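Asker: I would like the atomic coordinates for the input below:
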Amino acid sequence: MPRRFGKYTLMRKLATGGMAELFLALQRSVAGFEKLIVVKRVLPNLAQDRSFIELLLTEARIAATLNHPNVAHIYDVGEVEGQFYIAMEHIHGEDLRSIVRQMKKVGVTAFPLEHALAIVLGCCAGLAYAHEKRDLDGEPMNIVHRDVSPQNILVTFTGDVKLVDFGIAKAGRSHMEDTGSGQLKGKVPYMSPEQAQGLPLDGRSDIFSLGIMLFELCTGKRLFRGASEMDTLKMIVEGQYPRPRALNPNLHPKLEQIILRSLEKDPGRRYQSARDMQAELEDYIRENQLKVSPLSLAAWMQQLFGEKLQQQRQMLQEGRQLAEVIAAQAAAEEEARHSHEGTSSGVRTKQPSRAPWIVMAMMGLVAAVGAVWFAMTQGASSAPTGPGVLALSSTPPGAAILIDGSRREERTPATIEHLPLGRYAVTITADGFAPFRQEVELTESAARAEIAATLERPSASAMGVARIETTPPGARILLDGADTDLVSPATVSGIEPGVQHTIVVSLDGWVTQTAPVMVSAGAVQEVRLTLERTPLAATEHLVTITTDPPEARVQLDTEWHSGGSPYVLRVPARRYRLRVARDGFRTHEREIALAGGEQSELRIDLERERRAAGGGGGGGGGGEAAAAGGPGNVTIDARPWCNVTLDGRPLGQTPIVNRSVASGRHTVVCTNPDSGQSRTMQIDVHPGQTTRTRITL
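Answerer: This next block holds a predicted model:
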């Protein structure tokens, strides 16, 4: 690089994901016009996947309608020599995750409150615009971003805040559905409870995700961080959330109220729009006379990334000079070709370029699809309103509610208002009980209906069964957001028949997937899912270590892994001290360097120990015995969460995963500051092993 790609010059690669690669590119036109942009190019192995290309076009169609200072712009979509791409705004800045990492690198321990509020305010403004966006006919588009997370919030070096990657955003009236992939969209630690359960989403789901980030910026602690994706999903759906001031006593009570309201599990109690959340944040800033300003945010960013900015300026200058050489060569070749054509025919003609027509065709296709979609859905509107009311209760309470087969967010007892008059099929159901069904009709003379359901335990023959298999096996299984405590392959029994349920499977290092399932009474429904590896980040490495004998254990730095070869480990990219040990064999030790964004395979064959005649000491192996007296690891989780001390030394907030401690007996104290509950227990840590403890307060 640089090199030509259609009408753009690719300057350097920015990143490679599981579906596309990103390039910094230069667009040049007449009169010296030039602009830095980002080209998102589909990976070659996906270019033939029509469903993926349709998803790409959907992304472009949704994102191209958005034009707001806090939303990244889409400029172009097209194809160059069979490679599909999207050209988008180049944002000279850093994402929120990179900002936090740089802070740790330079020793900044707390995120400045005024800058945290500036970032969240910008996100509120961008989300409010997207949520309220209407099409050309004035109909609401009901756009939901669905992946509001630190990686998708960029702060520029001029103090602007940009929301990026509406690639998995979904317009509520879109004809394009994404259930075919079966993947749970979005970053799990930043999902709302309804998103974690596979329920229908609206803009309030994005507000919850933004509330998570406001919580973390103000407290310096992760809100949802389980030992696995499945544990994280359970924490979101079932867990008790800590109060922000328990972690940061200096936090203002009104700001805590704003955070807690954005994190309400019930969407009806959350902010009903991003604009409402923005208004309360602005009131808080004015009342407390905080200096929230893009200018101060820009100065802070430039100070934080000063060295990197200088390197970028130098790289850009070198790239522009090379781009000018490429452009001059291309112009000379074009001139020579025209001269040859003029000489051979006597008339100089210019052959029209096909590239603009390809782009126009692609844009035309998007427009045609949009027109067909509108024709099919014209007249459709957002949820209808009316005078009808359903008052629903059940024994036991807390049952799920389905109306005409669609699951509602409310649980019994509940009053559902603004229903159009007409006939409804109501189902009330709870785990372990047979569903209660009743039809009601709302009329002008009887616009309110009350249903009091008494749920009964069903017989086994009245329920359905699902057989869940995954490739690879070992994935944890959730049914409608509740953990089944099963791993695949497994049989999930006692499923309510005749209604659609959501199966979620999760395995560390693999993309969490969802699948709809509907079972019949007394029948077995087969569900087979093939998992895809989670795309490697630029800071991660996937290493496969095969050992002989396969029972050998593997240690990277201080962390031991057991269970048998091969060991597939996803670890931060850096240098490690590798150790492979097995009783009766010589221990293998070496240094390995694992590069970011790459995969590698290692095979380690251990040699048997040679023991002296008469059973004397061995010849320098050591095996697992060498670990005697060394450190071990502890993993501690708690329900509800707690602050942990080990022998009086603070370890932090649960969950605590694979923390290296000295072997021996230790005293663990788990305290929840919200409830004041505390529990003390003794644990034994063995050399080279992980001690797992789950505490219930």
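Asker: and the strands in the stretch 351-500 of the chain, which stretches?
Answerer: 388-395, 400-403, 406-411, 414-419, 422-429, 436-442, 448-454, 464-471, 476-479, 482-487, 490-495 (DSSP state E, counting those that start in this stretch).
Asker: per-domain residue ranges of the chain.
Answerer: With domains defined by automatic domain parsing, the chain comprises 24-89+306-345+353-372, 91-304, 388-454, 460-530, 540-609+619-627, 632-696.
Asker: give me the pLDDT for residue 240.
Answerer: Note for residue 240: predicted pLDDT of 87.
Asker: for this structure, what helix or strand is lowest in average pLDDT?
Answerer: helix 355-377 (a mean of 41; mean pLDDT, DSSP states H and E).
Asker: residues near residue 594, how many?
Answerer: 20 (other CB atoms under 10 Å). For every residue, glycine as well, the C-beta is placed using N, CA and C.
Asker: show me the contacts for it.
Answerer: Neighbouring residues of residue 594 by CB atoms under 8 Å, 6 or more residues apart in numbering: 541, 543, 571, 573, 574, 575, 576, 600.
Asker: quick one, what contacts residue 41?
Answerer: Residue 41 neighbours (CB under 8 Å, 6+ apart): 5, 20, 21, 22, 23, 83, 84, 85.
Asker: can you rerun that using 7 Å?
Answerer: By CB atoms under 7 Å, 6 or more residues apart in numbering, the contact list for residue 41 reads 20, 21, 23, 83, 85.
Asker: out of these, which two sit at the greatest distance?
Answerer: 23 and 83 (11.5 Å; CB to CB).
Asker: of these two, give the one with the bigger neighbour count.
Answerer: Ranked by neighbour count (other CB under 10 Å), residue 23 and residue 83 place residue 23 first, with 23 against 15.
Asker: and the contacts of the helix or strand hosting that one?
Answerer: Applying DSSP states H and E as the criterion places residue 23 in strand 20-28. The contact list for strand 20-28 (CB under 7 Å, 6+ apart) reads 7-15, 34-43, 90, 323, 327.
Asker: got the buried residues for it?
Answerer: 20, 21, 22, 23, 24, 25, 26, 27 (16 or more other CB atoms under 10 Å).
Asker: against residue 5, how distant is the closest residue to the fifth one other than its chain neighbours?
Answerer: With CB to CB, 6 or more residues apart in numbering as the criterion, residue 24 has its nearest non-adjacent residue at 4.6 Å, and that residue is residue 11. Distance of residue 11 to residue 5, given as CB to CB, to the nearest Å: 10 Å.
Asker: how about residue 576?
Answerer: From residue 576 to residue 5 the distance is 37 Å (CB to CB).
Asker: this protein: helices as residue ranges?
Answerer: Taking DSSP state H as the criterion, the chain carries its helices at 50-64, 96-106, 113-131, 193-196, 203-219, 229-238, 244-247, 253-262, 274-287, 294-304, 306-345, 355-377.
Asker: least confident of those, on average?
Answerer: helix 355-377 (a mean of 41).
Asker: phi first, then psi, for residue 557.
Answerer: Dihedral angles of residue 557 (phi, psi; degrees, to the nearest 10) stand at phi 60, psi -110.
Asker: quick check, pLDDT for it.
Answerer: 90.
Asker: that one and residue 577 touch, don't they?
Answerer: Yes. Between residue 557 and residue 577 a contact is recorded at 5.5 Å, counting by CB atoms under 7 Å.
Asker: who's the residue nearest to residue 531 when sequence neighbours are not counted bridged to?
Answerer: Spatial nearest neighbour of residue 531, excluding adjacent residues (CB to CB, 6+ apart): residue 510 at 4.1 Å. Residue 510 has the following beta-bridge partners by DSSP bridges: residue 533.
Asker: just residue 5 next, same as before
Answerer: Beta bridges link residue 5 to residue 8, judged by DSSP bridges.
Asker: that one against residue 81, yeah?
Answerer: No. Between residue 5 and residue 81 no contact is recorded; they are 8.8 Å apart, counting by CB under 7 Å.
Asker: which one's more surrounded, these two?
Answerer: residue 5 (18 against 8).
Asker: any idea how far that one is from residue 60?
Answerer: From residue 5 to residue 60 the distance is 17 Å (CB to CB).
Asker: go on, residue 583?
Answerer: Counting by CB to CB, the gap from residue 583 to residue 60 is 59 Å.
Asker: comparing the two, which residue is more hemmed in?
Answerer: A direct count of neighbours by other CB under 10 Å for residue 583 and residue 60 places residue 60 higher, at 26 against 13.
Asker: gap between that one and residue 152?
Answerer: In terms of CB to CB, residue 60 sits 17 Å off from residue 152.
Asker: re the thing from before, packed most tightly, which of the strands of the stretch 351-500 of the chain would that be?
Answerer: With neighbours defined as mean count of other CB atoms under 10 Å, these peak in mean count at strand 476-479, which reaches a mean of 22.
Asker: that strand pairs with which strands?
Answerer: In the sheet, strand 476-479 lines up with strand 482-487 (antiparallel), strand 501-506 (antiparallel) (DSSP bridges).
Asker: would you list these in a markdown table and tack on distance to residue 97 and mean pLDDT?
Answerer: As requested, the strands paired with strand 476-479 are arranged in a markdown table below (distance: least, CB to CB, whole Å; pLDDT from 0 to 100):
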| stretch | distance to residue 97 | mean pLDDT |
| --- | --- | --- |
| strand 482-487 | 28 | 80 |
| strand 501-506 | 22 | 85 |
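Asker: among these, which is nearest residue 674?
Answerer: Of all these, strand 482-487 comes closest under CB to CB, at 22.9 Å.
Asker: list the contacts of that closest one.
Answerer: Strand 482-487 is contacted by residues 230, 234, 474, 475, 476, 477, 478, 492 when judged by CB under 7 Å, 6+ apart.
Asker: over to stretch 568-576?
Answerer: Outside stretch 568-576, the residues that touch it by CB under 7 Å, 6+ apart are 509, 539-545, 556-557, 561, 591-596.
Asker: just the buried residues of those residues.
Answerer: With burial judged by 16+ other CB under 10 Å, the buried subset of the contacts of stretch 568-576 is 509, 540, 541, 542, 543, 545, 556, 594.
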